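In: need coordinates for the following:
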Amino acid sequence: METLTPVQYWGLISIISTIGCVVVALGLVFGPLAFMVALTAGKQCPQCKFWVPKDATVCGHCTKEIK
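Out: Below you'll find the model as predicted:
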């Protein structure tokens, strides 16, 4: 196995950090968006706090009636 030269080493570090920055940027954009979609797509069971669809009348987790 070849050893990396300093230039190759820093080039590899540069590529990895660029990918990391892209992942963080995507998380900052899509994280809040996914949270807003989750809030509008359902409601929480008052008994067990499990998320259920808006039109549900019975919790799928604890089987309690939802009003």
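In: quick one, helices of the protein?
Out: Residue ranges of the helices in the chain, as given by DSSP state H, are 6-41.
In: what residue ranges in it are flagged as low confidence?
Out: For the chain, no stretch has pLDDT under 70.
In: middle-most residue in it, spatially?
Out: When C-alpha atoms, centre = their mean is applied to the chain, the residue found nearest the centroid is G31 (5.8 Å).
In: quick one: that one and A41, what's the gap?
Out: In this view, G31 and A41 are 16 Å apart by C-beta to C-beta, to the nearest Å. C-betas here are computed from N, CA, C, even on glycine.
In: and the residue nearest to the centre of the chain, what does it touch?
Out: G31 makes no contacts at all, as judged by C-beta atoms under 8 Å, 6 or more residues apart in numbering.
In: same deal with K64?
Out: Per C-beta under 8 Å, 6+ apart, neighbours of K64: 45-48, 58.
In: could you rerun that using 6 Å?
Out: Q47 (C-beta atoms under 6 Å, 6 or more residues apart in numbering).
In: please identify the buried residues of stretch 2-15?
Out: Buried residues in stretch 2-15, counted by 16 or more other C-beta atoms under 10 Å: none are found.
In: same check on stretch 41-60?
Out: 45, 52, 59.
In: just put the residues you listed in a markdown table and tack on distance to V23.
Out: Shown next, in a markdown table, are the buried residues of stretch 41-60 (distance: C-beta to C-beta, whole Å):
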| residue | distance to V23 |
| --- | --- |
| C45 | 33 |
| V52 | 31 |
| C59 | 35 |
